[in-house]
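Colleague: what's the 3D shape of this:
(one chain, ligands or ions: 1)
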Amino acid sequence: MNDNEKEVLHPTIASREVTLHILKAFGIHMSKKLGQNFLIDKGIVDGIVEAAEIQPGDRVLEIGPGIGTLTQGLAEAGANVTAVELDKKLPAILAETLKGYDNVTIVPGDILKTDIPAIMGPGAFKVAANLPYYITTPILMALLEQHLPITHLVTMVQKEVAERMVAKPGSKTYGALSVAVQYYTEPEIVLDVPPRSFIPAPEVMSVVIACRVRETPAVAVRDEKTFFRVVKAAFGQRRKTLANALKGGGFPKEQVRDALEHAAIDPTRRGETLSLEEFGRLADAFVS
Ligand code: SAM
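Modeller: Okay, here's the model as predicted:
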């Protein structure tokens, strides 16, 4: 099939004209509540496919395929895509817009309630998504905490969220999300995406962030649950000293004093100054 024939059979969805045509033809009213902002820029779709280093045969989980814009880019690159979509109206429309792509499976449902190992089966896979912004953090955390065999996690997110994901200790945006993302992955902002790349245009700037999932977390800790409890408590009350924030987070006073001393961390420091390694040391001191 040459490019012209391809464009007739499978017009590129990532364009303003084709997207508007699909919206009209299927009478789609986009839902703000479901975070529906559809991509209309082929260059951005290609950028996500490239950042995920898609090779023919790769297994990819897509979250929220919408009308199939990114799904098509992934499928064209030869990936076997499993896409989970919450909007009940969309699977029937996707069956039309992605007709002929036998490497795409649509799974209706909420990604936060989906049994991902059951739909992906055994073996490594990649995640690619233009995430619904109203639940970006819960989705990222759910994917990371489950220790799924994900190698690459490449997503469109609000710029401000991406800045928190890559923030380093001491910066204003460094918080529990930064620690969690950097504990599990190596994140890198790869593309700036202006509002005009979507229909409707969101009110915020977006970026594509590529997170390469680490084979083992950035720091070895005795108990992951305690590690994240400490991190959550430390950032729970940002203006307090670490000792007070930990007490406020439910750790008993004596334990806080002993753990900080054992980990050789100054109790008057603030949580936002601690590196991942220091959080690890502190959490381990609570476990010993
Ligand atoms: N992938 C398409 C694109 O790039 O144009 C659509 C992206 S749009 C920002 C987010 C999509 O996620 C929408 O199709 C929306 O219906 C879907 N969605 C929202 N919440 C979801 C959830 N909890 N689980 C699965 N999909 C969800």
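
Colleague: Where does M156 sit: helix, strand or coil?
Modeller: Recorded secondary structure, M156: strand (DSSP: H, G, I helix; E, B strand; the rest coil).

Colleague: tell me the contacts of it?
Modeller: Applying Cβ atoms under 8 Å, 6 or more residues apart in numbering, one finds that M156 lies in contact with L39, I44, I48, A129, N130, L131, V193, S206, V207, V208. Using the backbone N, CA and C atoms, a C-beta is placed for each residue, glycine as well.

Colleague: and the nearest residue to R59 once chain neighbours are set aside, how many neighbours does it have?
Modeller: Distances taken as Cβ to Cβ, 6 or more residues apart in numbering place F125 nearest to R59, at 4.1 Å, with adjacent residues excluded. As a burial measure, F125 scores 20 neighbours (other Cβ atoms under 10 Å).

Colleague: again with H152
Modeller: For H152, the neighbour count with other Cβ under 10 Å is 20.

Colleague: quick revisit: G170: which of the contacts of M156 is nearest?
Modeller: Nearest to G170 among these, counting by Cβ to Cβ, is V207 at 21.9 Å.

Colleague: Next, that closest one: phi, psi?
Modeller: phi -140, psi 160 (degrees, to the nearest 10).

Colleague: Report the contact partners of it.
Modeller: Residues near V207 by Cβ under 8 Å, 6+ apart: M156, V157, K159, A162, I189, V190, L191, D192, V193.

Colleague: pretty sure the residue nearest to R59 contacts G57?
Modeller: No - at 11.4 Å, F125 and G57 do not qualify as touching, with contact defined as Cβ atoms under 8 Å.

Colleague: circling back: for the residue nearest to R59, give its distance to the ligand.
Modeller: Using Cβ to the nearest ligand atom, to the nearest Å, one gets 16 Å for the distance from F125 to the ligand.

Colleague: Over to V154?
Modeller: 12 Å.

Colleague: Specify the beta-bridge partners of that residue.
Modeller: Under the criterion DSSP bridges, V154 forms beta bridges with A128, A210.

Colleague: so it makes contact with K126?
Modeller: Yes - under the criterion of Cβ under 8 Å, V154 makes contact with K126 at 7.3 Å.

Colleague: how about stretch 178-197, does it get close to the ligand?
Modeller: No - for stretch 178-197, no contact with the ligand is found by Cβ under 6 Å from any ligand atom; the gap never falls below 9.6 Å.

Colleague: Begin at 12 from now on, thanks
Modeller: Sure, I'll start numbering at 12, so the last one becomes stretch 189-208.

Colleague: Check which residues of that stretch are buried.
Modeller: Neighbour counts using 16 or more other Cβ atoms under 10 Å place S189, V190, A191, V192, Q193, Y194, Y195, T196, P198, L202, V204, S208 of stretch 189-208 among the buried residues.

Colleague: give me every residue that touches the residue of the stretch 62-211 of the chain found nearest the ligand.
Modeller: Closest residue of the stretch 62-211 of the chain to the ligand, Cβ to the nearest ligand atom: G75 (2.0 Å). With contacts defined as Cβ under 8 Å, 6+ apart, the neighbours of G75 are G46, A94, V95, E96, L97, I122, A140, N141, L142, P143.

Colleague: Out of these, which sit inside strands?
Modeller: Taking DSSP state E, the ones among those that sit in strands are A94, V95, E96, A140, N141.

Colleague: The ligand contacts on this protein?
Modeller: 45-50, 74-77, 80-81, 95-98, 121-123, 141, 143, 146.

Colleague: out of these, which are buried?
Modeller: By neighbour count, with 16+ other Cβ under 10 Å, the residues of the chain next to the ligand hold 46-50, 74-77, 80-81, 95-98, 122, 141, 143, 146 as buried.

Colleague: Look up the closest residue to D269, ignoring the ones flanking it.
Modeller: Sequence neighbours aside, A296 is the residue nearest to D269 in space, at 7.5 Å (criterion: Cβ to Cβ, 6+ apart).
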